[in-house]
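> sequence plus predicted model, see below.
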Amino acid sequence: MPEEIYYDKKDQLQIVQNSLLPDETVFAVYDGKDVGTGFIGLTDRRVILQDNSFAGGRVAVTSIPYSKIVAISYASNASVFGRFTEETTVAIHTSHGTYEILLRGSEKAKHTHDVILHYVVHG
């Protein structure tokens, strides 16, 4: 029985599914809240980011193999009452730079963080 795929928008899921390698499995596709990043996709082999603000008004889809990720973090601003906000940023650090995406909801950010961490640590 196939595992459930978590996603926010069906069209974003279809973009990721159409770019899968043979025998690659998608776990989740979450919509980005910030202006530049369209979405983040998580598979069993890589992270897929869509950047809607690529140079020249183009849209870029970037794949980052887990083996190239050196660190993963997520951060949420605490409100004045000490609770976390519903917007949480996930940062993916590689030797060539950092990719950030603002997600809707801390649970999506935690899931994204945990999946990436699993593949970075366990290869």
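Perfect, thanks for sending it. Numbers count the residues shown, from 1 in each chain.
> helices of this protein, start to end?
Secondary structure of the chain (DSSP state H): helices at 10-18, 106-122.
> and of those, who's closest to Phe27?
helix 106-122 (5.9 Å; CB to CB). (Glycine included, C-beta is placed from N, CA and C.)
> buried residues in the closest one?
106, 108-109, 111-113, 115-116, 119-120 (16 or more other CB atoms under 10 Å).
> which elements pack onto it?
If you count contacts as 3 or more CB pairs under 8 Å, 6 or more residues apart in numbering; DSSP states H and E, helix 106-122 packs onto strand 26-31, strand 37-43, strand 69-78, strand 84-94.
> can you list contacts of that helix?
When contacts are defined by CB atoms under 8 Å, 6 or more residues apart in numbering, helix 106-122 is touched by residues 6, 27-28, 30, 40, 42, 44, 47, 66, 69-70, 72-74, 76, 84, 86, 88-90, 92, 103.
> residue ranges with poor pLDDT in this structure?
Across the chain, the ranges flagged by pLDDT under 70 are 1-2, 35-37, 54, 77-86.
> let's go with 90 and repeat that
1-3, 33-38, 51-61, 74-88, 104-107, 123 (pLDDT under 90).
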